[in-house]
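Peer 1: Sequence below, structure please.
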Amino acid sequence: MPCIDMPLEQLKTYQGSSPCAPDLDLFWEAAL
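Peer 2: Numbers count the residues shown, from 1 in each chain. Coordinates of the predicted model:
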């Protein structure tokens, strides 16, 4: 059974603790 520290509703909108790279969209456009 998984151990989750946040309620499900909060997990659905959780963005993570690491900022998203500014060129992430460009990376995926090139990769796909």
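Peer 1: Show me the helices in the protein, by range?
Peer 2: Ranges of helices within the chain are 8-13, 24-31, based on DSSP state H.
Peer 1: In JSON lines: the ones you listed, plus mean neighbour count.
Peer 2: Glycine gets a C-beta too; all of them are placed from N, C-alpha and C. Converted to JSON lines, the helices of the chain look like this (neighbours: other Cβ atoms under 10 Å):
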{"stretch": "helix 8-13", "mean neighbour count": "8"}
{"stretch": "helix 24-31", "mean neighbour count": "9"}
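Peer 1: Make a markdown table out of those helices and add mean pLDDT.
Peer 2: Below are these laid out as a markdown table (pLDDT from 0 to 100):
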| stretch | mean pLDDT |
| --- | --- |
| helix 8-13 | 91 |
| helix 24-31 | 91 |
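Peer 1: From Leu32, how far out is Asp25?
Peer 2: Between Asp25 and Leu32 the distance is 11 Å, computed by Cβ to Cβ, to the nearest Å.
Peer 1: Repeat that for Asp5.
Peer 2: Distance from Asp5 to Leu32, by Cβ to Cβ: 33 Å.
Peer 1: now do Asp23
Peer 2: For Asp23, the distance to Leu32 - Cβ to Cβ - is 15 Å.
Peer 1: okay, the two: which has more neighbours?
Peer 2: Using other Cβ atoms under 10 Å as the criterion, Asp23 and Leu32 rank with Asp23 on top: 10 against 5.
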